[in-house]
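**Student:** I'll drop the sequence and a predicted model, then ask my questions.
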Amino acid sequence: MREIVLDTNVFVSALRSGGGASRQVLRRVLQGHVVPLFGNALWQEYEDLLGRDVWTPATTAQERSQVLAALAQAGRWVHVYFGWRPNLGDEGDNHLIELAVAGGAQAVVTHNVRDLRRGELAWPHLRILTPAQYLEELP
């Protein structure tokens, strides 16, 4: 089973639009084809998103909460015991790499590829991919 770190920007994109690569990745997760990894920092970011003003009328607050609950059931909780810092230019993104390394993820799926690839440290086994790239490279 493939394990990934699903950045919150992919979650938002998937729920704001009726289709697209982000929606396909989320669908694969919810169907059990992919296991998302969660840690404290990422989960807090997901929960914070539910109250932010980033949503379109495509989904209701209740639907978003239900999808997040289903995402939690599909995922695996990972304890991150070591922080690889400083690594990325944006300190707020380091938790994604740390979670992926701690959980042995095959990829971080994000719309913020450029910033996540610019780290001082490198993990050759870890792919940083957009949702479209993920669907093409790791079907």
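**Tutor:** Perfect, I can see it now.

**Student:** State the next helix or strand along the chain beyond the helix ranked longest in the chain.
**Tutor:** In the chain, with assignment by DSSP state H, the single longest helix is helix 61-74. With elements assigned by DSSP states H and E, the helix or strand that comes after helix 61-74 is strand 76-77.

**Student:** What helices and strands are in contact with that next one?
**Tutor:** Applying 3 or more C-beta pairs under 8 Å, 6 or more residues apart in numbering; DSSP states H and E, one finds that strand 76-77 contacts strand 34-38. C-betas here are computed from N, CA, C, even on glycine.

**Student:** can you list contacts of the helix or strand following the strand it packs on?
**Tutor:** Sequence-wise, the next helix or strand downstream of strand 34-38 (DSSP H and E) is helix 40-50. Applying C-beta atoms under 8 Å, 6 or more residues apart in numbering, the set of residues contacting helix 40-50 from outside is 5, 8, 11-12, 38, 61, 64-65, 68, 71-72, 80, 95-96, 99.

**Student:** make it 7 Å
**Tutor:** T8, F11, V12, R64, S65, L68, H95, L96, L99 (C-beta atoms under 7 Å, 6 or more residues apart in numbering).

**Student:** can you check stretch 6-26 too?
**Tutor:** By C-beta under 7 Å, 6+ apart, stretch 6-26 touches 29, 36, 45-46, 49, 54-56, 58-59, 64, 67, 96, 108-112, 131-132, 134-135.
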